[in-house]
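Visitor: sharing a sequence plus its predicted fold:
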Amino acid sequence: QVQLVESGGGLVQAGGSLRLSCAASASTSSDLYMAWFRQSPGKEREFVAYITRSGSRILYADTVRDRFTISRDSAENTVYLQMVSLKPEDTAVYYCAADRFRFGDTPSYEYWGQGTQVTVSS
């Protein structure tokens, strides 16, 4: 079983930056495909970015490309989401997700964190 714990959310003004962290409990987290999703009230969970085990493949949603950067530190069992030029429409609960066998832009990952709130004020 893999536990994922997100942190780094908060309130920021439009144009500001935040860095989210996702710490994985498993010592084998480097074997996990990792992703970030987000969900706003009344909306479906939305793909943000994923990163493969080695970090060789990364994909971003069109809405965040060029503003968000996903990265991983295997030694720390942690995945990051650096967010810059934040917009009010980025306001959502951000979830970290992991899977041992597959990756993609749909919310079908095996493991999920509890989420961290990001609020961007205009």
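Guide: Yep, it's here. Residues are numbered from 1 along each chain as shown.
Visitor: so where's the protein shaky on pLDDT?
Guide: 26-29 (pLDDT under 70).
Visitor: centre-most residue in it?
Guide: Residue closest to the average C-alpha location in the chain (CA atoms, centre = their mean): Trp36, at 2.5 Å.
Visitor: gap between the residue lying closest to that residue once chain neighbours are set aside and Ala14?
Guide: Of all residues not flanking Trp36 in the chain, Val48 sits nearest, at 4.2 Å (CB to CB, 6 or more residues apart in numbering). All C-beta atoms are positioned from the backbone trio N, CA, C, and that covers glycine. When distance is defined by CB to CB, to the nearest Å, Val48 is 18 Å away from Ala14.
Visitor: look at these two and report which has more neighbours.
Guide: More crowded of Val48 and Ala14, by other CB atoms under 10 Å: Val48, with 26 against 13.
Visitor: could you give the number of residues near Ser7?
Guide: When neighbours are counted by other CB under 10 Å, Ser7 registers 14.
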